[in-house]
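Visitor: what follows is a predicted protein model with its sequence.
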Amino acid sequence: MGLNVDLYEYIKRVLKIRRVSDRQLSLCMSCMDNPVRNMSRKLRSDMKISFIVAIADCLNCDVDIRFIDKDSGNEIVLCG
């Protein structure tokens, strides 16, 4: 999947592959103390990484977001 796909489209593709509806994802998120009333609207809005991780958990997936310094090749780790 290319870099031009926005996060909404990416998540929608994963939902389709996993055969999970927006409603099922909303119910899962509610069980994880992260209720969402309108999943489609939330997916189109700005999301925090914690929300993306919660979605991944509901879909039995991992999320790996990293920044790698192109000069040194080292990962930039945020502390705190």
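Guide: Sure thing, it's come through. Numbering: from 1, shown residues only.

Visitor: so where does the most centrally placed residue in the chain fall, helix or strand?
Guide: Computing the C-alpha centroid of the chain and ranking residues by Cα atoms, centre = their mean puts I52 first, at 2.8 Å. Element membership for I52 (DSSP states H and E) is helix 49-58.

Visitor: how about that helix: buried residues?
Guide: Neighbour-count burial for helix 49-58, with 16 or more other Cβ atoms under 10 Å as criterion, is recorded at F51, I52, A54, I55, C58. All C-beta spots, glycine's among them, are computed from the backbone N, C-alpha and C.

Visitor: nearest to L25, of the residues you listed?
Guide: Closest approach between these and L25, by Cβ to Cβ: C58, at 5.7 Å.

Visitor: quick one: that closest one and S26 touch, right?
Guide: No. Using Cβ atoms under 8 Å, C58 makes no contact with S26, being 9.4 Å away.

Visitor: now for the helix-or-strand element of the chain with minimal mean pLDDT, which elements pack on it?
Guide: Between all helices and strands in the chain, the lowest mean by mean pLDDT, DSSP states H and E belongs to helix 39-44, at a mean of 74. Applying 3 or more Cβ pairs under 8 Å, 6 or more residues apart in numbering; DSSP states H and E, we find helix 39-44 packed against helix 7-18, helix 22-31.

Visitor: tell me who's in contact with R44.
Guide: The contact partners of R44, taken as Cβ atoms under 8 Å, 6 or more residues apart in numbering, are Y8.

Visitor: hang on, I meant V63
Guide: Contacts of V63 were listed using Cβ under 8 Å, 6+ apart, and they are I49, I52, V53, A56.

Visitor: check contacts around E75.
Guide: Per Cβ under 8 Å, 6+ apart, neighbours of E75: R66, F67, I68, D69.

Visitor: could you measure from the closest residue to the third one other than its chain neighbours over to K48?
Guide: With sequence-adjacent residues excluded and distances taken as Cβ to Cβ, 6 or more residues apart in numbering, I68 is closest to E75, at 5.5 Å. Look at E75 and K48: by Cβ to Cβ, to the nearest Å, they are 21 Å apart.

Visitor: likewise for I11?
Guide: To K48, I11 is 14 Å away according to Cβ to Cβ.
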